[in-house]
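Engineer: only geometry, no sequence info:
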């Protein structure tokens with residue numbers, strides 16, 4: 001939803017408002033946000049945004065031991 005609204009704003013020349021919408025929904029929209037930052041000449045900010053890494057560890061899908069029971 002944020003992406004759609006931001007694209008509509010940017011299409012109307014309201015890039016700063018589009019950026020404000022996307023900034024509330026990072027990191028999900030970071031690539032789109034970076035493009036709009038570049039459009040405003042904020043290349044360094046765009047590069048820094050794209051270089052950020054999520055430090056939250058990913059939980060394994062399965063942590064248990066394999067069982068002897070059939071899967072179904």
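Structural biologist: Here it is on my side, so go on. Keep in mind that what you see is a predicted model, and the values were worked out from it rather than measured. Numbering: from 1, shown residues only.
Engineer: host element of residue 44?
Structural biologist: helix 43-51 (DSSP states H and E).
Engineer: where does this structure dip in pLDDT?
Structural biologist: Residues of the chain meeting the criterion pLDDT under 70: 54-58, 71-72.
Engineer: Going along the chain, name the helices of it.
Structural biologist: 2-11, 15-23, 30-39, 43-51 (DSSP state H).
Engineer: who are the neighbours in contact with the spatially most central residue of the chain?
Structural biologist: Against the mean C-alpha coordinate of the chain, by Cα atoms, centre = their mean, the closest residue is residue 28 at 2.3 Å. Residues in contact with residue 28 (Cβ atoms under 8 Å, 6 or more residues apart in numbering) are residue 2. For every residue, glycine as well, the C-beta is placed using N, CA and C.
Engineer: do that again at 10 Å, thanks
Structural biologist: By Cβ atoms under 10 Å, 6 or more residues apart in numbering, the residues touching residue 28 are 2, 3, 22.
Engineer: and the second one, how many neighbours does it have?
Structural biologist: Residue neighbour count, defined by other Cβ atoms under 10 Å, stands at 16 for residue 3.
Engineer: Go through the helix holding residue 44 and flag the buried ones.
Structural biologist: By 16 or more other Cβ atoms under 10 Å, the buried positions in helix 43-51 come out as 46, 49.
Engineer: Also stretch 24-37?
Structural biologist: Applying 16+ other Cβ under 10 Å to stretch 24-37 flags 25, 29, 30, 32, 33, 34, 36, 37 as buried.
Engineer: In JSON lines: these, plus distance to residue 63.
Structural biologist: Converted to JSON lines, the buried residues of stretch 24-37 look like this (distance: Cβ to Cβ, whole Å):
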{"residue": "25", "distance to residue 63": "31"}
{"residue": "29", "distance to residue 63": "31"}
{"residue": "30", "distance to residue 63": "30"}
{"residue": "32", "distance to residue 63": "35"}
{"residue": "33", "distance to residue 63": "34"}
{"residue": "34", "distance to residue 63": "35"}
{"residue": "36", "distance to residue 63": "40"}
{"residue": "37", "distance to residue 63": "39"}
